[in-house]
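>>> Test case, fold it:
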Amino acid sequence: MKRINILYWICTGILLAVVGVGSVFDAISYPDSVKIVTGLGYPAYLVPFLGIAKLLAFAVILMPGYPRLKEWAYAGIAFDILGALYSNIVLGRPLPALIFIILPVSLLAGSYIFYHKRSDIGNRVFVES
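Next up, the predicted model:
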(Lines give C-alpha, C1' and ligand atoms only; values in the text may rest on other atoms or scores of the structure.)
Protein backbone atom coordinates (compact mmCIF):
# COMPACT_ATOMS: atom_id res chain seq x y z
CA MET A 1 0.00 0.00 0.00
CA LYS A 2 2.79 2.41 0.88
CA ARG A 3 4.58 1.81 -2.44
CA ILE A 4 1.37 2.42 -4.39
CA ASN A 5 0.77 5.66 -2.49
CA ILE A 6 4.30 6.84 -3.19
CA LEU A 7 4.02 6.03 -6.90
CA TYR A 8 0.61 7.74 -7.07
CA TRP A 9 1.93 10.93 -5.51
CA ILE A 10 5.06 10.93 -7.68
CA CYS A 11 3.01 10.61 -10.89
CA THR A 12 0.36 13.07 -9.75
CA GLY A 13 2.89 15.59 -8.43
CA ILE A 14 4.99 15.61 -11.59
CA LEU A 15 1.84 15.74 -13.72
CA LEU A 16 0.65 18.73 -11.72
CA ALA A 17 4.04 20.39 -12.17
CA VAL A 18 4.16 19.70 -15.92
CA VAL A 19 0.56 20.39 -16.92
CA GLY A 20 -0.68 22.42 -13.95
CA VAL A 21 1.87 25.19 -14.25
CA GLY A 22 1.02 25.59 -17.92
CA SER A 23 -2.67 25.79 -17.08
CA VAL A 24 -2.01 28.78 -14.80
CA PHE A 25 -0.45 30.58 -17.76
CA ASP A 26 -3.43 29.54 -19.89
CA ALA A 27 -5.89 30.82 -17.29
CA ILE A 28 -4.31 34.28 -17.28
CA SER A 29 -3.97 34.30 -21.11
CA TYR A 30 -0.21 34.64 -21.02
CA PRO A 31 0.89 35.75 -24.51
CA ASP A 32 3.12 32.71 -25.11
CA SER A 33 0.27 30.35 -24.20
CA VAL A 34 -2.08 32.15 -26.56
CA LYS A 35 0.57 31.98 -29.30
CA ILE A 36 0.97 28.21 -28.88
CA VAL A 37 -2.77 27.49 -28.94
CA THR A 38 -3.48 29.81 -31.87
CA GLY A 39 -0.51 28.23 -33.67
CA LEU A 40 -2.38 24.93 -33.47
CA GLY A 41 -5.35 26.58 -35.19
CA TYR A 42 -7.60 27.18 -32.20
CA PRO A 43 -9.16 30.55 -31.27
CA ALA A 44 -7.52 32.67 -28.58
CA TYR A 45 -10.68 32.80 -26.45
CA LEU A 46 -10.31 29.07 -25.79
CA VAL A 47 -7.06 29.52 -23.85
CA PRO A 48 -8.42 30.85 -20.51
CA PHE A 49 -11.30 28.39 -20.62
CA LEU A 50 -8.94 25.42 -20.98
CA GLY A 51 -6.64 26.80 -18.30
CA ILE A 52 -9.41 27.20 -15.75
CA ALA A 53 -10.89 23.80 -16.63
CA LYS A 54 -7.50 22.11 -16.08
CA LEU A 55 -7.01 23.92 -12.76
CA LEU A 56 -10.44 22.78 -11.59
CA ALA A 57 -9.65 19.23 -12.71
CA PHE A 58 -6.44 19.19 -10.71
CA ALA A 59 -8.26 20.58 -7.68
CA VAL A 60 -10.74 17.69 -7.89
CA ILE A 61 -7.95 15.12 -8.32
CA LEU A 62 -6.15 16.41 -5.24
CA MET A 63 -9.32 16.53 -3.07
CA PRO A 64 -10.16 13.45 -1.05
CA GLY A 65 -13.37 11.69 -2.02
CA TYR A 66 -15.62 12.48 -5.01
CA PRO A 67 -14.69 9.42 -7.11
CA ARG A 68 -17.11 10.22 -9.96
CA LEU A 69 -15.79 13.78 -10.28
CA LYS A 70 -12.24 12.42 -10.29
CA GLU A 71 -13.12 10.21 -13.27
CA TRP A 72 -14.39 13.26 -15.15
CA ALA A 73 -11.31 15.26 -14.17
CA TYR A 74 -8.95 12.55 -15.42
CA ALA A 75 -10.99 12.28 -18.64
CA GLY A 76 -10.87 16.03 -19.20
CA ILE A 77 -7.12 16.19 -18.76
CA ALA A 78 -6.73 13.17 -21.05
CA PHE A 79 -8.86 14.85 -23.75
CA ASP A 80 -6.77 18.01 -23.45
CA ILE A 81 -3.42 16.23 -23.69
CA LEU A 82 -4.51 13.84 -26.45
CA GLY A 83 -6.07 16.73 -28.37
CA ALA A 84 -2.75 18.57 -28.23
CA LEU A 85 -0.96 15.43 -29.41
CA TYR A 86 -3.39 14.99 -32.31
CA SER A 87 -3.14 18.67 -33.29
CA ASN A 88 0.66 18.46 -33.39
CA ILE A 89 0.59 15.28 -35.47
CA VAL A 90 -1.89 16.76 -37.98
CA LEU A 91 0.25 19.88 -38.35
CA GLY A 92 3.28 17.67 -39.06
CA ARG A 93 5.36 18.76 -36.08
CA PRO A 94 8.72 16.98 -35.76
CA LEU A 95 9.08 13.97 -33.47
CA PRO A 96 11.12 15.77 -30.75
CA ALA A 97 8.17 18.13 -30.19
CA LEU A 98 5.85 15.14 -29.76
CA ILE A 99 8.05 13.61 -27.06
CA PHE A 100 7.09 16.47 -24.75
CA ILE A 101 3.48 15.27 -24.98
CA ILE A 102 4.32 11.62 -24.30
CA LEU A 103 5.56 12.51 -20.79
CA PRO A 104 2.23 14.01 -19.62
CA VAL A 105 0.31 11.10 -21.18
CA SER A 106 2.49 8.63 -19.25
CA LEU A 107 2.18 10.58 -16.01
CA LEU A 108 -1.59 10.86 -16.40
CA ALA A 109 -1.87 7.11 -17.02
CA GLY A 110 0.31 6.38 -13.98
CA SER A 111 -1.67 8.73 -11.76
CA TYR A 112 -4.97 7.22 -12.91
CA ILE A 113 -3.84 3.61 -12.53
CA PHE A 114 -2.33 4.17 -9.08
CA TYR A 115 -5.42 6.16 -8.01
CA HIS A 116 -7.54 3.10 -8.75
CA LYS A 117 -5.09 0.72 -7.08
CA ARG A 118 -5.21 2.91 -3.96
CA SER A 119 -9.03 2.93 -4.05
CA ASP A 120 -9.27 -0.84 -4.54
CA ILE A 121 -6.92 -1.55 -1.65
CA GLY A 122 -8.76 0.93 0.58
CA ASN A 123 -12.11 -0.62 -0.29
CA ARG A 124 -10.88 -4.16 0.38
CA VAL A 125 -9.47 -3.17 3.76
CA PHE A 126 -12.71 -1.41 4.64
CA VAL A 127 -14.90 -4.35 3.55
CA GLU A 128 -12.75 -6.99 5.25
CA SER A 129 -12.69 -5.19 8.60
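
>>> if I pick the spatially most central residue of the chain, what's in contact with it?
The residue lying closest to the centre of the chain (C-alpha atoms, centre = their mean) is residue 77, at 4.1 Å. Shown in contact with residue 77 (C-beta atoms under 8 Å, 6 or more residues apart in numbering): 19, 54, 57-58, 108. (C-beta placed from N, C-alpha, C; glycine too.)

>>> Among these, which one lies nearest to residue 41?
Using C-beta to C-beta, residue 54 comes nearest to residue 41 of those, at 19.4 Å.

>>> Can you list the low-confidence ranges for this structure?
Where the chain drops to pLDDT under 70, the residues are 95-98, 121-129.

>>> ranges for the helices of it?
2-15, 21-27, 31-39, 46-62, 67-90, 95-128 (DSSP state H).

>>> which helices and strands sit right next to the fourth one?
Just to be clear, that refers to helix 46-62. helix 21-27, helix 31-39, helix 67-90 (3 or more C-beta pairs under 8 Å, 6 or more residues apart in numbering; DSSP states H and E).

>>> And that helix, what's buried?
In terms of neighbour count (16 or more other C-beta atoms under 10 Å), helix 46-62 has its buried residues at 47-48, 50-51, 53-54, 57-58, 60-61.

>>> Switch these over to TSV; also include distance to residue 117.
Formatted as TSV, the entries for these read as follows, by distance: C-beta to C-beta, whole Å:
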residue	distance to residue 117
47	34
48	35
50	29
51	30
53	26
54	24
57	20
58	20
60	19
61	15
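
>>> that older thread, let's have the contacts of residue 77 in CSV, adding distance to residue 31.
Formatted as CSV, the entries for the contacts of residue 77 read as follows, by distance: C-beta to C-beta, whole Å:
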residue, distance to residue 31
19, 19
54, 18
57, 24
58, 23
108, 27
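
>>> which one among the residues you listed gets closest to residue 10?
Scanning the contacts of residue 77 for proximity to residue 10, where the rule is C-beta to C-beta, the winner is residue 108, at 13.0 Å.
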